[in-house]
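**Q** After the sequence you'll find the predicted model.
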Amino acid sequence: MDATVARMWGRDTSSRHGPRPSLDVPGIVAAAIAIADADGLAGVRMSSVASALGVAPMSLYRYVGNKDELLILMADAAVPDPPVFEGGWRDYLTVWTRANRDFLIARPWQLELTRRTPPTGPRTLLWLDRALAALAGTGLPAQAGIAIATTLTGYAAQQASLAAALAPQEGLEGPADYGAMLGQVLDPAIYPALSAAVAGGAFGAHPDWIDDADFLLGLDLILRGVESIAKEFTAG
């Protein structure tokens, strides 16, 4: 078993000689997560984590192979518990996808890690398990369920990335300012459809632009497709 995977699952059996250790993997990961929450991933270094724990940087290497491994451990440890399964599969996957998006919005640094860390940790795989359990009611095979869960995970990440990009920042106070900016630069002769959408208020100021209306529209498109595939599969 890969050493990083073993550590994520608490199955690291490598021996450490010497006095009783004052550190452990969960404590090191928790310290790194706290730094990322405060300063982003740029602030996470072996030296900064060691400083937060009051130890020398070399002490960490008895527990974590390197910074890349630490980031993989962080990516899984920072994932919250998935929602409890209630209702039908479609209602649950709506809640599941929204919750997935929301924890990425709460910790934007997770967005970068999810693109480069494999889904091998216990917390990440718990989300996949719950999605597959809900999809069992559709009659679709497990392979299709994994593809659907992967698609929903990608949609949640894309929506979280959009929310982060349109969060209030210098020059842009949200979707309305973004739309106003587009209105100033778009040439209707080159971008006729987009220009018309902007002029029609597609990037309006309503607070649910990301939180509900557009998020649910896109999610509905995906789930309608799942429903259609499930009907075809069971009918065949």
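**A** Here it is on my side, so go on.
**Q** only C-alpha atoms for contact and neighbour calcs from this point on.
**A** Noted.
**Q** moving C-terminal of the strand or helix carrying Met181, what's the next helix or strand?
**A** According to DSSP states H and E, Met181 maps onto helix 175-185. For helix 175-185, the following helix or strand on the C-terminal side (DSSP H and E) is helix 192-199.
**Q** I'd say Ala52 and Ala31 touch.
**A** Yes: Ala52 lies in contact with Ala31 (Cα atoms under 8 Å); the separation is 6.8 Å.
**Q** List the contacts of the residue nearest in space to the middle of the chain.
**A** In the chain, the residue lying closest to the centroid (Cα atoms, centre = their mean) is Leu104, at 4.4 Å. By Cα atoms under 8 Å, 6 or more residues apart in numbering, the residues touching Leu104 are 110-111, 157, 160.
**Q** Mind checking which of Ala52 and Ala31 has more residues around it?
**A** Legend: neighbour count by other Cα atoms under 10 Å for Ala52 and Ala31, higher for Ala31 (20 against 14).
**Q** Which secondary structure element is home to the more buried one?
**A** helix 25-39.
**Q** related to what we said a few turns ago, I'd like the distance from the helix holding Met181 to the chain centre, please.
**A** 28 Å (Cα atoms, centre = their mean, to the nearest Å).
**Q** for that helix, packing partners?
**A** Counting contacts by 3 or more Cα pairs under 8 Å, 6 or more residues apart in numbering; DSSP states H and E, helix 175-185 packs against helix 192-199.
**Q** got the contact list for the helix it packs on?
**A** 179-180, 182-183, 186-188.
**Q** Narrow the residues you listed to just the buried residues.
**A** For the contacts of helix 192-199, a burial check counting by 16 or more other Cα atoms under 10 Å picks out 179-180, 182-183.
**Q** what mean pLDDT does the helix or strand encompassing Met58 have?
**A** Using DSSP H and E, Met58 sits in helix 57-60. In this model, helix 57-60 has an average pLDDT of 93.
**Q** Quick check: the gap between Glu69 and Asp39.
**A** 19 Å (Cα to Cα, to the nearest Å).
**Q** That should have said Lys231, apologies.
**A** 48 Å.
**Q** do Ile190 as well
**A** Applying Cα to Cα to Ile190 and Asp39 gives a distance of 41 Å.
**Q** In terms of neighbours, single out the busier of the two.
**A** Using other Cα under 10 Å, the more surrounded residue of Ile190 and Asp39 is Asp39, with 12 against 9.
**Q** Show the contacting residues for Tyr92.
**A** Residues near Tyr92 by Cα under 8 Å, 6+ apart: 85-86, 134.
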